[in-house]
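# Below are the sequence and a predicted model for it; my questions follow.
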Amino acid sequence: MLIERHPETYLNIEKLCIFPQQSLWRFTRGGRYKALQDNELNRHVRNLKRLNAVAIVAWLVFGIGVFTAPMS
């Protein structure tokens, strides 16, 4: 969506890092996406952040389960 609606911004972000995903992650984590004032993009980024939080919690629960499970 960012590529389709804001190609100049995407190209500028892509140049910041060797790996494009890392630069996109920084863009969304830093809140710079809000400056574009694109409601649909804001909604997608919020959903992505929520999904990431759920994944982190799931991994933490899994890790706790693995390390606290009794050995038989």
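Received it, and whenever you're ready, just let me know what you need.
# And for residue 45, the neighbour number?
Other residues near residue 45 come to 20 when the count uses other CB atoms under 10 Å. Bear in mind the C-beta positions are built from the backbone N, C-alpha and C, glycine included.
# Next: residue 1.
11.
# do the same with the one 4 residues further on
Other residues near residue 5 come to 12 when the count uses other CB under 10 Å.
# Return the list of helices and strands in contact with the helix-or-strand element of the chain with minimal mean pLDDT.
Lowest on mean pLDDT, DSSP states H and E among the helices and strands of the chain sits helix 20-30, with a mean of 85. Counting by 3 or more CB pairs under 8 Å, 6 or more residues apart in numbering; DSSP states H and E, the packing neighbours recorded for helix 20-30 are helix 7-14, helix 39-68.
# change it to 6 Å
helix 7-14 (3 or more CB pairs under 6 Å, 6 or more residues apart in numbering; DSSP states H and E).
# circling back to that earlier point, and the least confident helix or strand of the chain, which residues are buried?
For helix 20-30, the neighbour count (16 or more other CB atoms under 10 Å) marks 23-24, 27-28 as buried.
# which residues sit against it?
By CB atoms under 6 Å, 6 or more residues apart in numbering, the residues outside helix 20-30 that reach it are 13-14, 16-17, 45.
# hmm, 8 Å instead?
2, 13-17, 33, 45, 48-49 (CB atoms under 8 Å, 6 or more residues apart in numbering).
# Using ChimeraX, define a selection of the buried residues within the residues you listed.
To isolate the buried ones among the contacts of helix 20-30 in ChimeraX, judged by 16+ other CB under 10 Å, type:
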select :2,13,33,45
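# what would the contacts of helix 20-30 look like in JSON lines with distance to residue 71?
Formatted as JSON lines, the contacts of helix 20-30 follow (distance: CB to CB, whole Å):
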{"residue": "2", "distance to residue 71": "48"}
{"residue": "13", "distance to residue 71": "47"}
{"residue": "14", "distance to residue 71": "48"}
{"residue": "15", "distance to residue 71": "51"}
{"residue": "16", "distance to residue 71": "47"}
{"residue": "17", "distance to residue 71": "43"}
{"residue": "33", "distance to residue 71": "46"}
{"residue": "45", "distance to residue 71": "43"}
{"residue": "48", "distance to residue 71": "38"}
{"residue": "49", "distance to residue 71": "37"}
